[in-house]
Every structure is written in C-alpha cells, then in structure tokens.
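Chemist: after the sequence you'll find the predicted model.
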Protein chains: 2
Amino acid sequence: MTQLESARKSKISKEMSQVAKEEGVPIELILEGLSNGTIVIPKNIKHTTLTQPKGVGKGLFTKVNANIGTSSDKADLKYELKKLDVAIKAGADAVMDLSTGGDIDKIRSEIIKNSPIPVGTVPIYQAAVETAEGGRPIVKMSENEILEGIFKHIEDGLDFITIHAGVTLETIERLKNDKRLTQIVSRGGSFLACWMLYNKKQNPIYTNFSKILKKAKEYDVTLSLGDGLRPGCISDATDRPQIQELVILGELTKIAQDAGVQVMIEGPGHIPLDEIEMNVQIEKKLCKGAPFYVLGPVVTDVAPGYDHLVSAIGGAIASGAGADFLCYVTPAEHIRLPEIEDVRQGVIATRIAAHAGDIVKLKKAKNWDYAMSDARIRFDWKKQISLSIDPEKFSNMRKDSKPADQDVCTMCGKFCAMKQLKEYLK
Amino acid sequence: MTQLESARKSKISKEMSQVAKEEGVPIELILEGLSNGTIVIPKNIKHTTLTQPKGVGKGLFTKVNANIGTSSDKADLKYELKKLDVAIKAGADAVMDLSTGGDIDKIRSEIIKNSPIPVGTVPIYQAAVETAEGGRPIVKMSENEILEGIFKHIEDGLDFITIHAGVTLETIERLKNDKRLTQIVSRGGSFLACWMLYNKKQNPIYTNFSKILKKAKEYDVTLSLGDGLRPGCISDATDRPQIQELVILGELTKIAQDAGVQVMIEGPGHIPLDEIEMNVQIEKKLCKGAPFYVLGPVVTDVAPGYDHLVSAIGGAIASGAGADFLCYVTPAEHIRLPEIEDVRQGVIATRIAAHAGDIVKLKKAKNWDYAMSDARIRFDWKKQISLSIDPEKFSNMRKDSKPADQDVCTMCGKFCAMKQLKEYLK
C-alpha cells in the first residue's frame, strides 16, 4: 500500500509517525493530509537507506530540495557524492539527481544508497541522453524507451520523479500562439516538445499515464508533475501556455490520487514578485490543494551569480503564500553547473526563504526567531551561534573581529544600543 | 532656496534636471513630487563635490544606501574611504557615515569630499561619543551639545541627516507599557531614550525642532526622521511604540515641509514578510506620501552571516509595496562592523531587492530583464555579462567552467533546453 492508501484506511505507517513527531503535529493531521492529497511523504519501498522521511504539504514546515548531478561537460561520481553530503549537512530535506553525463546509472544508485533523505530524478533526461549518446537524435526516442526509462527509475528506488505529463499538443499549440521570449527552458519539457513537434504525436507520458500510475503505485513513488512550460524570464510569467499546462496537471492530479498515487505539482520559474501569491493560489485551486513545489521563483533576470539570493526573495514569498516545497537555485544558475560551495549557498539561502515564509504560515515557526533574539538581548553569544542557520560562519565572523567588551560586537562597540538602555530602562 | 521651495515656485534647479534625465521622467513629475513632499533630492549647498544628485520618492527608481563608518573597536580612515569607493562602484546611490571611533570630524569631511553621491550621518552619534570620550556619561550631554552637534553636521555639508525626533516621552511611555523583547536597537534612539529617562525631560530634538528646521533650510539638508523605536526582532514588529513614533513623525513631516525643508521617513527593521506591505501603507498614510527609507526589513532573526540576503527578501517586498529608499544590511549585521567585502555584498543584494520591487512599481524597470533574457535566448554571452548586476562575477564564473559548445553553459551542456527547441519550433 502507498502512504496515501494506508492513510485512507487510517493505517499509520512508520513514516507517518516519524513525520508527525518531526513536525510536532498530531498524527491525525498527517492522516488527513495524505488522504485528501494535501500532504505527501515521498519514499520508495526500495529506498531502504531512507531514514529521515519528510512530509511535504499543508500544515507542515516548508521543505528544501537541492539539485545535484553531472552534465555532459562535467561528470565525476565522487564530486557528486560530496555535493550530496554538503547538501545534507547544510540542511536540505531532499535532493534530486539530475545527471546527464558519465555513468548515470551508477551515479544514481550511489546517491540513493548514500542518502538518508528522499531522492528524486527526471527520468526522461537519461532516456534522452542515452538516445543521443547512441548516435540517434533525441526526437527518435521510441515511446517504449521513454516509458522504460521511467519504469527503471521507479524500480531503482527513487522516492519522487518528475514527469512532464502536461506538455501536451494542446499546450504546445498555446505556446505557438503566444508570444514568448524564452520559449521552453525546462530540459524535460524541451525534450518532449521537440519529440512531439518532430513526430507529430501526443506526449507519450500523457497517453501512458495510467501505466505509469500502476508502476508508481507498486513502489509508492511520488509523482512530481513537472512544469515544462514554466516561464524562463520575467516577461513570460503567468502566460497562457503556463496556465494551460497547470489546468492539465490539475486533471492528472485527481486521476493519480484516485489510483492511490501520491502527487505534487511543480511550479515556476521566473515570476515578478507581485505574481507569486497568485501563482500559488491558482495551483491550490486547480490541483485541489496538492503540494506545490516551486523552482525559485526567480524575481529578476538581471543577477546571474546571485540567483540563490534572487530566488530566496521569490521562495520566501511563495512559502508565505502556501508553497510547500522549494527547489533551491544556486549562485551558478544561468552560468554553469553548480560546484560544492554553490550547493551549500543554495541550500542555506533556500532554508532562509522557507523559514521566512513559515513565519507567516505556522505560528510555531517564530519560536526559533524568539529564542535567537532572546539570546541576543541577553548577550549570550554562544547560544546565538548555536541557534543560527550557519553556526560555523557566525562563529568565524565573530572570531575575526573581537570587541573590547565581550558582551557586545564591533558594530557599535561600547555604544551598543541594547546594552546602554538596560541601565536606564528598569 | 531649498529644492522644495524652488519646486513650489516652479523654478527648475540643475539637480532637478539631472534627476529627471537620469530617471527618464518629465521634469513636471519631479517638480510636482518635490512640491507635495513625495520626492526629495538630498543635496547640501556646501557639498560641491556631489555631481550625481539622486531623486528619492514616488515614480522614481528605488534607491540604495550603504552605511559605512568606524566604531570604537575599529577606526581607520583609509579603510573607510575604500569602503566608500567599493560602495559607489557596486552601485550605491548614497552612503551614510556612521563613524563612532577615531577622528570623526576628519573621517566625515574626507568622505564628503570624496563622494559624488549624497552623504548622510546621524549627528547624535558624534555628540554622544564625544561626551563619553570626555569622561562623562552620555546622559549628561547638555541640550546645547546635542543641538550644536546637529548644526555642525548641517554646516559641514551633509546631504541628509537622521534625527530621532519621534523618540518622545509619549513614545517611551508606550515602550514601557508594551512587552518588547529587544526594547530599543537603534543607537540614536537608545542615546536619547537613556538621556530622557535619566534627565526626566522631553527629547531636545523634538522641543527644538523649529531651530533645526531653520538650519536645515539654510543648507537645504534633507531631514531623515529616524525610527528610534524600530522593532529589533520579529516578535516586536509593528507594535504600539513603533506606530506611536510614526504618528509623531507624521506630524513633524508636515511642520518641516511647511517650513520648506525636505523630509523622508525611516522605517523598520525586523518585520515578518506579511507585515511589510502594511508598514509601507501606514507610513504613506500617516506621513502623506513622504519618501519611505527602510532598513532591511529583516524577515527572520535566525540568519546572522546572511542578513544581506534576509534583508533582500524584505527590501524587495518593501520596494514593490512603495518604499522609496532601501538602507542596505550586510552579511556582518548582528555580528561585527562590516568589512570591504561585506559592503560590496550588501550593496549588490540591496540593488537586486530594489530592482525586484521596481519591476512591480515601474513598468520600464522590466526593460532591463527583457534585454538580459533576449541576450540569453540568442546565446549572446558578452551581452549577458555586460547587462548583469555584477559583470565581473558573472565573467569569472563562466571562465571557470567552459562548455564544449560555446553557445551553451555547463549546467545542461549539449542538452540545453533553449538550443534544442529552436531547431524544432519554427
């Protein structure tokens, strides 16, 4: 039984108990959320090394995903395992292996084996890469190769997989009829669109959706319905192709949930900040509250090198508005494949965004801020450091710049506002 | 005549023309904004080296201020001039010299002399520091020393000065009656509150406001009405002491403008993201649209070491909601005095926030994003680099990681979504 099916039968799984405890919520909230599709717990029955299951959805803390993986330009298994380690240490709740270079099977299986947190992939990447490496153009993939690629990832133990089931002929038609600047920036979306345009055929992931559901149910893989038509720049945000795809994803959500399969929905993308709340609301309406998994959002196109920060702006607003799962964006976005330090920066920036949003959604999230500020007014620096999102960085920065009075810091020195007022305000 | 008085007489100053040109707006917009107090152009008649006047307010791009200056724990003139240089190169629109250590007069005069952009200070810092260095407790400053300190800064050529005129006995009473965790975190606010509590007397900046106006008018110094009661942590946000002070600042705004003096209003501080828009709206209402100059806002207390990013989240939302001027926060905030690299990071993060907000407020702000994404879809990397907010960083990151195909980047390598689709979507 999947977590969804168990919950519908009020059967409490080990993972549900772990999640309820971790979140500090009654088990009934988890059961209800799983049953009505507003919560997922991504865990493949084959992923036996997953010891830290995560709940994603309504009433739970916002989660953070880190994308790792090789590309055709840079492929090194050891380096990817280091990225996994750094991502986990920095506090990621999940990772996706997006490898498109090197021994993809080996890299994936090693990442799954070494990950105590949920792992996701985009199976069509591998199918496409292997077609290309085999000397055929990607558009010559057979329907069967596409499906078999998905099945392989499910059987391999992935906890969630992205499938771009909403990139249909209908969606592509709307793409052609709309004026988009950057067209399609999703790799999976682009593979499929090219395939459909070349073969003049419907998306095989869409037409074979029930077969995929059957396999996903068998392994309890959570489907992450990909947004192949997500806007790739501010000027393409919230346009008809994007929303057309979301309408279709809403229909597929219901079909999947009725079949007992857990589902979440992927979202944009490049979105100006005043359109983020609307994007969360429309997803929640069209997909009946299914967990929303957003990439960024990136709120301006002009800051490559700082897209972790740009996305923290969008991610915080999205989280506050109800997004459940934030896919990190690293400083390397739009420039190159992320390196170790990019991964670390990306996870921390996104955790800050998730928490800033949680302060809005969950009353208890503020307790962390309260404890920090309480330590601050008491000049308890040890406590401040231990409570901070990156204790090592805080500690090093403080060591670098020693105040004469150990109570304060070198910003105001002996003229510390908090310290001087304490004497007179009694 | 001040810029405000000139505008009311429809007399176009050189600075007004420069600002109109820089912003790409008709001079009438500048004249009207100055006249009704929704725009200020901070420029002291003595600051002859100010060659880049800036307009701050309604209908104009959001501006960015960088705080520099020494503290009692670290004072080095040359280092501060380097900070000035780095801030200007990174794109700051203004700097504030908040020095409280070393030869404060010398540092200030050198910064003014070397700055082509507006310079601000908080004059009471120097008065307080000199009292303490002279061996007396700060609370023993005489009223006259406080006033003379302000006059000296006005005469020295500062373009804007922060005065905490709203920290009154009334405000302090509300502070005592409310439960605040971090009380007062504003240095100037704290100096004055201590002084008032000790001397049991009204704030001399409040009681002598008309004298200050007279001097400010003579030199056309813009008054930045400080928020001494800004919340210092999330749990203190938008409370009665904060809003009490704002009510008083609203009254003082009208008095100052009636006297021909330019005014802007300083704002919080630590604010959860769902209270930022309200904070901008209430300032605009109570102060009749006077430009709003916010510090941050910091949307969570838990991330020292990353407070530039935390503030970029708050600053972007504030900018989008109508804030006109963002004071940067650096990665050093809450830990130590900022260093050179902190200054650079702070300015860039805050420029990103300002622009993300401008996209919401000003239609033309999007043109920058459009040009960048247009270069991106055309694989014009030279153009992308030159358009980016930090061309040097972008360029170095690209050089570090060379793709086999020069059109694309190492993120997706030869499987670039945009490149492959171009072939089939015609």
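Modeler: Sure, I can see it.
Chemist: so which bits of the longest helix along chain A are buried?
Modeler: Scanning chain A for the helix with the most residues, using DSSP state H, yields helix A:340-361. By 16 or more other C-beta atoms under 10 Å in any protein chain shown, the buried positions in helix A:340-361 come out as A:342-361. Bear in mind the C-beta positions are built from the backbone N, C-alpha and C, glycine included.
Chemist: over to stretch A:162-179?
Modeler: A:162-168, A:170-172, A:174-175.
Chemist: break chain A into its domains for me.
Modeler: A:42-361, A:381-425 (automatic domain parsing).
Chemist: which stretch in those is the model least sure about?
Modeler: Note on the domains of chain A: lowest mean pLDDT is at domain A:381-425, with a mean of 93.
Chemist: what is the end-to-end distance of that domain?
Modeler: 22 Å (C-alpha to C-alpha, to the nearest Å).
Chemist: from the contact counts, what lies against the helix or strand harbouring residue A:392?
Modeler: Element membership for residue A:392, per DSSP states H and E: helix A:391-400. Contacts defined by 3 or more C-beta pairs under 8 Å, 6 or more residues apart in numbering or on different chains; DSSP states H and E place helix A:391-400 against helix A:381-387.
Chemist: all strands of the stretch 101-250 of chain A, in order?
Modeler: A:119-121, A:160-163, A:222-225 (DSSP state E, counting those that start in this stretch).
Chemist: go through those and name the closest to chain B.
Modeler: Shortest distance between chain B and the strands of the stretch 101-250 of chain A, using C-beta to the nearest C-beta, is found for strand A:160-163: 13.7 Å.
Chemist: could you export the closest one as CSV, CA atoms only?
Modeler: Taking Å, rounded to 0.1, in the frame of the first residue of the first chain, the C-alpha atoms of strand A:160-163 are listed here in CSV:
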residue,chain,number,x,y,z
PHE,A,160,9.9,11.0,-6.3
ILE,A,161,10.2,11.5,-10.0
THR,A,162,9.4,14.5,-12.3
ILE,A,163,7.3,13.6,-15.3
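Chemist: partner strands of it and their direction?
Modeler: strand A:119-121 (parallel), strand A:222-225 (parallel) (DSSP bridges).
Chemist: any idea how far chain B is from residue A:57?
Modeler: 20 Å (C-beta to the nearest C-beta, to the nearest Å).
Chemist: now residue A:85
Modeler: 21 Å.
Chemist: what helix or strand is that residue on?
Modeler: Following DSSP H and E, one finds residue A:85 within helix A:77-90.
Chemist: what's near enough to touch residue A:149?
Modeler: Residues near residue A:149 by C-beta atoms under 8 Å, 6 or more residues apart in numbering or on different chains: A:123-124, A:126-127, A:130.
Chemist: equivalent analysis for residue A:226, please.
Modeler: Counting by C-beta under 8 Å, 6+ apart, residue A:226 has contacts A:122, A:162-167, A:186, A:188-189, A:266.
Chemist: most widely separated two among those?
Modeler: In terms of C-beta to C-beta, the contacts of residue A:226 reach their longest pairwise distance at A:122 and A:166, which sit 14.1 Å apart.
Chemist: any chance of the strands paired with strand A:160-163 in a markdown table with mean neighbour count and distance to residue A:104 as columns?
Modeler: Rendered in a markdown table, the data for those read as follows (neighbours: other C-beta atoms under 10 Å in any protein chain shown; distance: least, C-beta to C-beta, whole Å):
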| stretch | mean neighbour count | distance to residue A:104 |
| --- | --- | --- |
| strand A:119-121 | 27 | 9 |
| strand A:222-225 | 27 | 19 |
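Chemist: of all the ones you listed, which lies closest to residue B:322?
Modeler: When these are compared (using C-beta to C-beta), the closest one is strand A:222-225, at 36.7 Å.
Chemist: before we move on, the earlier item: show me what the helix holding residue A:85 is packed against.
Modeler: Contact here means 3+ C-beta pairs under 8 Å, 6+ apart; on that basis helix A:77-90 packs against strand A:63-68, strand A:94-97, helix A:104-114, helix A:340-361.
Chemist: including distance to chain B, could the ones you listed go into CSV?
Modeler: Formatted as CSV, those follow (distance: least, C-beta to the nearest C-beta, whole Å):
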stretch, distance to chain B
strand A:63-68, 10
strand A:94-97, 14
helix A:104-114, 12
helix A:340-361, 4
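Chemist: can you say which of the ones you listed is nearest to residue B:71?
Modeler: helix A:340-361 (26.5 Å).
Chemist: which strands and helices sit next to the closest one?
Modeler: Checking 3+ C-beta pairs under 8 Å, 6+ apart, helix A:340-361 ends up next to strand A:63-68, helix A:77-90, helix A:307-321, strand A:325-327, helix A:366-377, helix B:307-321.
Chemist: what residue of chain A is the furthest out?
Modeler: residue A:424 (49.1 Å; C-alpha atoms, centre = their mean).
Chemist: list the contacts of it.
Modeler: B:139, B:193-194, B:197-198.
Chemist: what is the neighbour count of the spatially closest residue to residue A:175 that is not a sequence neighbour?
Modeler: Spatial nearest neighbour of residue A:175, excluding adjacent residues (C-beta to C-beta, 6 or more residues apart in numbering or on different chains): residue A:241 at 4.3 Å. Neighbour count of residue A:241, defined by other C-beta atoms under 10 Å in any protein chain shown: 25.
Chemist: I'm done for today, thanks for sticking with me.
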